[in-house]
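Colleague: Give me a model of this one.
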Amino acid sequence: MASRPCIFYEARVADLFDDDSAPAPAANVPLAERLRPASLGEVIGQEHLTGPDGAIGRMVAAGRLSSLILWGPPGTGKTSIARLLADAVGYRFTAISAVFSGVADLKKAFAEAELQARTGQRTLLFVDEIHRFNRSQQDGFLPFVEAGAVTLVGATTENPSFELNAALLSRCQVLVLHRLDEAALEALLERAEAVEGRALPLDADARAALIASADGDGRFLLNQAEMLFAAGLNSALDTAALRDLIQRRLPVYDKDREGHYGLISALHKSIRGSDPDAALYYLARMLTAGEEPLYLLRRLTRAAVEDIGLADPQALVQCMAAKDTYDFLGSPEGELAIVQACLYLATAPKSNAVYTAQKDAWRSAKEHGSLSPPKHILGAPTRLMKNLGYGAGYAYDHDQADSFSGQDYWPEEMNPQTFYRPTDRGFEKRLAERLAWWNERRQQLQEGS
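Modeller: Here you go, the predicted model:
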């Protein structure tokens, strides 16, 4: 059986043609492709990375790249940035997609990169959707990245902490791309109008609604704009006419253009402020304007863990139940479950103790590095580990008085820390009493030992 061909791809449409084929006429090239930036300075919405003080800007100034993971939503410029990075520092650019490629494709890419390296030509290997590679495939990158055969630039829409191997992550710098904001999306539309030589056939409200419907995705916005240019319209569309044309429900905008991000902020803060009626109003504004219900459920769930936490553990349960109910019933029936979750959150006791505990614990973990836990709480599955004292002296709490041993579980080089400070509200009041009893009992046991 013939071996599977290596599937390389380039973002430009011209690369899809054989060498002896004529390039596609400009009129046939998608608008998003024609507007692909020619330099890092033309990349819209990612100035925190591409600017002179950004991580990418500094690498280009130094003329040398480190391996990177570009993490961000769809349509934010990950592919363009990777290509322009290679151009900016004179690296050879090669791209593969984890959706279509396998181990054989990677081996071919690495072999070509090593061959080029012998001539002094460095290679930037761009891997789109890198999280689609499994763990063993990801491990295949390690020796080539370590040896400098390739500079890896991976693109992902998923959280790298969950989807990529720790070993690979440790060799790459993770850069977070922002969802394109309203100003960036407006700039994209203006570029599109300049290329087309005409304005989009939309009134001001419809234009704002089109931008909001993209939800930060520049590629989606340009595809919608291209459809509008091709429609041959003789007059400007209003919001209702635009909705009918593109068959997508669009947010309703009032006179001061209060949009997607303003409304979700208002919803979250109304919940935090324990105003159920205001929270329900903003929820209704977004649902009736066509906001994705699952997006709202994600934000409600975030509010449950950030602003309520253990003051009412059922808040998180309510949000997950609402998500399951919506998945089961769909719209409009399932939207009632979203309303119930929203009202539950707004009327629940509030605490951000879990949120602040997470921030403090994360900061401490970064500050103290890779300290080993004390040996008495380390597992000892082998004879060597037992001989080294692993597990020696561990007190099984269920065998102790009150099922509490009071042992020290912190690394020897680190003093015990306090991250979680429960409030006196809701269920956390009981937790505070329990923690206080444990702390008092621990002190007594340690003083008596």
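Colleague: measure Leu296 to Leu310 for me?
Modeller: As defined by Cβ to Cβ, to the nearest Å, Leu296 lies at a distance of 23 Å from Leu310. (Glycine included, C-beta is placed from N, CA and C.)
Colleague: number of nearby residues for the residue lying closest to Val195 once chain neighbours are set aside?
Modeller: Counting by Cβ to Cβ, 6 or more residues apart in numbering, the nearest residue to Val195 once its immediate chain neighbours are dropped is Arg34, at 5.9 Å. With neighbours defined by other Cβ atoms under 10 Å, the count for Arg34 comes to 16.
Colleague: pretty sure Arg34 is touching Glu196, no?
Modeller: No - between Arg34 and Glu196 no contact is recorded; they are 9.4 Å apart, counting by Cβ atoms under 8 Å.
Colleague: quick one, helices of the stretch 101-250 of the chain?
Modeller: Along the stretch 101-250 of the chain, the segments classed as helices by DSSP state H, counting those that start in this stretch run 103-117, 135-139, 142-147, 160-163, 166-170, 182-196, 204-214, 218-230, 239-246.
Colleague: got a list of contacts for the fourth one?
Modeller: In this case it means helix 160-163. Under the contact criterion Cβ atoms under 8 Å, 6 or more residues apart in numbering, helix 160-163 has outside partners 69, 71, 131, 156, 169, 174.
Colleague: what bits of the stretch 101-250 of the chain have low per-residue confidence?
Modeller: Low-confidence segments of the stretch 101-250 of the chain, defined by pLDDT under 70, are located at 247-250.
Colleague: which outside residues touch the top helix by length along the chain?
Modeller: For the chain, the longest helix by residue count, based on DSSP state H, is helix 427-448. Residues external to helix 427-448 that are found in contact with it (Cβ under 8 Å, 6+ apart): 309-313, 349, 351, 353, 402, 404-406, 408, 420, 422-424.
Colleague: mind listing what's buried in that helix?
Modeller: For helix 427-448, burial by neighbour count (16 or more other Cβ atoms under 10 Å) applies to 427-428, 431-432, 442, 445.
Colleague: ok, those residues vs Leu343, which is closest?
Modeller: For the buried residues of helix 427-448, the residue nearest Leu343 by Cβ to Cβ is Phe427; the value is 18.8 Å.
Colleague: Nearest spatial neighbour of Ala337, chain-adjacent residues omitted?
Modeller: By the measure of Cβ to Cβ, 6+ apart, the closest residue to Ala337 outside its immediate chain neighbours is Thr325, 3.7 Å from it.
Colleague: same deal with Val174?
Modeller: The shortest distance from Val174 to any residue that is not its chain neighbour, by Cβ to Cβ, 6+ apart, is 4.7 Å, and that residue is Ile69.
Colleague: Surely that neighbour and Glu158 touch.
Modeller: No - contact between Ile69 and Glu158 fails when scored by Cβ under 8 Å: they sit 10.5 Å apart.
Colleague: More neighbours: which of these two?
Modeller: Remark: of Ile69 and Glu158, Ile69 carries more neighbours, 24 against 13, as counted by other Cβ under 10 Å.
Colleague: Who does that one form a beta bridge with?
Modeller: According to DSSP bridges, the residues that bridge with Ile69 are Gly154, Val174.
Colleague: which residues does it contact?
Modeller: For Ile69, the set of contacting residues under the criterion of Cβ under 8 Å, 6+ apart consists of 130, 153-156, 160, 164, 169, 172-175.
Colleague: ok, so of the residues you listed, who is nearest Pro30?
Modeller: Within those, proximity to Pro30 (Cβ to Cβ) peaks at Ala155, which comes in at 19.2 Å.
Colleague: Identify the residues contacting that closest one.
Modeller: Counting by Cβ under 8 Å, 6+ apart, Ala155 touches 69-70, 78-79, 82, 126-130.
Colleague: Please apply the same query to Ile338.
Modeller: Here Ile338 is in contact with 283, 287, 293, 296-297, 300, 322, 326 (criterion: Cβ under 8 Å, 6+ apart).
Colleague: that older thread, per-residue pLDDT, the residue nearest to Val174?
Modeller: Note on Ile69: pLDDT of 93.
Colleague: Name the residues of the helix or strand containing Ala86 that come out as buried.
Modeller: Ala86 belongs to helix 78-89 when elements are defined using DSSP states H and E. When neighbours are counted by 16+ other Cβ under 10 Å, the buried residues of helix 78-89 are found to be 78-86, 88-89.
Colleague: Check what contacts it and list those residues.
Modeller: Applying Cβ under 8 Å, 6+ apart, the set of residues contacting helix 78-89 is 11, 36-40, 43, 46, 49-50, 56, 59-60, 63-65, 70, 72, 91-93, 95, 124, 126, 128, 153, 155, 177.
Colleague: just stretch 340-347 next, same as before
Modeller: Contacts made with stretch 340-347 from outside it, assessed by Cβ under 8 Å, 6+ apart, are listed as 267, 270-271, 274-276, 279-280, 283, 297, 300, 303-304, 307-308, 314-315, 318-319, 321-322.
Colleague: Pull the residues that contact stretch 365-380.
Modeller: With Cβ under 8 Å, 6+ apart as the test, stretch 365-380 has contacts from 385-386, 388-394, 407-414.
Colleague: Among those residues, name the buried ones.
Modeller: 390, 394, 407.
Colleague: The first one and Thr119, how far apart?
Modeller: The one in question is Tyr390. As for Tyr390, its distance to Thr119 is 52 Å (criterion: Cβ to Cβ).
Colleague: Could you do the last one as well?
Modeller: Using Cβ to Cβ, Gln407 is found at 61 Å from Thr119.
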